[in-house]
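J.: Structure, please.
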Amino acid sequence: MSNILISLFLTALAAFAGCKQAGDKSRSNPAPAVTDQQGNVTQGTCLTYTQHIAPIIQSKCTSCHSPSGPNSDISTFQTVQVKVSSIVNRAITLGNMPPVTSGLSLLSTEKTQLQNWARNPIQNSSECVSTNNGINNGNGTTPGGTTTTPGSASQFVGTAADVQYSQSLWQALTAAKMVGPDAVGGVLFNGSPPHGTVREIISGTVTVNGHRGRVYVKHNYDGAGVNLSSVEQNRQQWLKADTVIFERESTFDPSVKNLFWVKYTPTGGLHKDTNNVSLAGRIGKGTSEGCIGCHQNAQGGDYFYWNDQ
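T.: Numbers count the residues shown, from 1 in each chain. Next comes the predicted model:
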């Protein structure tokens with residue numbers, strides 16, 4: 001399959017991962033973060049920027065990343081929220097921030113808090129979401145589960161036409177061996193919320209209904225005990241979701257760069273949100289949530305965070 005370009009965006013693991021998955025909008029009284037003996041935040045807690053993340057940023061980052069510093073500003077909730085995927089990528093996945101020359105480093109507990117908060121980056125305890133497991137802003141999405149974020153306004157996502165097109169796209173991806181049991185594997189790398197703990201990204205071109213366009217496929221691997229080695233041995237065992245961006249025909253929707261977004265199950269079905277809307281189409285258009293709602297913050301308006309690195 002010479003037309004398949006297997007590309008690894010190791011410097012931009014937030015290509016799709018920047019999508020903030022917000023939870024049920026019902027609110028509850030806040031609860032303080034609870035940690036285990038190792039200092040790791042446990043389930044049933046609520047992480048907030050003000051209480052947990054700001055102290056980390058202020059002590060480890062803002063000496064360089066401030067309005068008067070030499071690098072991009074991340075001194076406020078707003079700037080951290082927009083750049084959280086890149087922060088997690090550089091500070092945890094790549095491990096090059098803070099730089100060694102600064103003499104600073106993140107504690108394991110700080111990394112855990114930052115990763116968990118990134119699942120739903122909220123500012124104050126008043127925004128904490130009530131769940132069946134207590135107060136927790138880190139339970140919103142798992143790659144193999146059902147997202148708690150509405151895809152977007154119904155006219156933009158999960159329509160019969162969207163579902164039908166997603167099926168045609170899946171067939172094209174399967175034929176190109178980009179998804180399915182015969183998918184060509186790439187190089188695996190460690191991921192971060194809200195997508196897979198382990199991932200790989202494949203890019204190329206496929207033809208759907210006579211239109212040939214660029215496509216980006218991210219395989220999300222997760223589960224108890226998942227790691228690079230276990231996935232390498234058995235990808236299908238750990239695969240939880242395939243998230244796809246496909247560049248459709250120029251008349252599809254120029255306002256969103258004609259991009260079609262899908263979250264597939266490993267067998268080609270569609271993940272659904274808590275409103276039972278199939279996640280296929282212009283997910284998040286017209287909102288601040290979902291794929292487009294998040295990716296619209298990418299620099300240059302191209303919807304791809306990896307170009308911001």
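J.: Surely P98 and I57 touch.
T.: No - contact criterion Cβ atoms under 8 Å: P98 and I57 do not qualify, at 10.8 Å. From N, CA and C alone the C-beta is placed, and that goes for glycine too.
J.: Look at the two and report which has more neighbours.
T.: Ranked by neighbour count (other Cβ atoms under 10 Å), P98 and I57 place I57 first, with 21 against 18.
J.: Surely L47 and N116 touch.
T.: Yes - between L47 and N116 there is a contact at 5.6 Å, judged by Cβ under 8 Å.
J.: who has more neighbours, these two?
T.: L47 (26 against 22).
J.: Which strand or helix spans that one?
T.: Using DSSP states H and E, L47 sits within no helix or strand.
J.: Next up, phi/psi of the residue nearest to it when sequence neighbours are not counted, please.
T.: Once flanking residues are discounted, L47 sits nearest to W117: 4.2 Å by Cβ to Cβ, 6 or more residues apart in numbering. Phi and psi for W117, reported as degrees, to the nearest 10, are phi -60, psi -30.
J.: number of nearby residues for W117?
T.: Other residues close to W117 by other Cβ under 10 Å number 25.
J.: cool, D182 as well?
T.: Quick note: D182 (other Cβ under 10 Å) scores 9 neighbours.
J.: what are the phi and psi values for it?
T.: phi -100, psi 20.
J.: So which residues of the stretch 1-150 of the chain form strands?
T.: 130-131, 134-135 (DSSP state E, counting those that start in this stretch).
J.: Of those strands, which shows the lowest average pLDDT?
T.: The weakest mean pLDDT among those belongs to strand 134-135, with a mean of 36.
J.: send the alpha carbons of the longest helix along the chain over as PDB?
T.: In the chain, taking DSSP state H as the definition, the longest helix is helix 160-175. Only the C-alpha atoms of helix 160-175 are listed here, as PDB (Å, rounded to 0.1, in the frame of the first residue of the first chain):
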ATOM      1  CA  ALA A 160     -28.600   9.600   9.200                       C
ATOM      2  CA  ALA A 161     -26.300  11.000   6.500                       C
ATOM      3  CA  ASP A 162     -23.400  11.300   8.900                       C
ATOM      4  CA  VAL A 163     -23.800   7.700  10.100                       C
ATOM      5  CA  GLN A 164     -24.100   6.400   6.500                       C
ATOM      6  CA  TYR A 165     -21.000   8.400   5.400                       C
ATOM      7  CA  SER A 166     -19.100   7.100   8.400                       C
ATOM      8  CA  GLN A 167     -19.800   3.500   7.300                       C
ATOM      9  CA  SER A 168     -18.500   4.300   3.800                       C
ATOM     10  CA  LEU A 169     -15.400   5.900   5.300                       C
ATOM     11  CA  TRP A 170     -14.800   2.800   7.500                       C
ATOM     12  CA  GLN A 171     -15.000   0.500   4.500                       C
ATOM     13  CA  ALA A 172     -12.400   2.700   2.700                       C
ATOM     14  CA  LEU A 173     -10.100   2.700   5.700                       C
ATOM     15  CA  THR A 174     -10.500  -1.000   6.100                       C
ATOM     16  CA  ALA A 175      -9.600  -1.600   2.500                       C
END
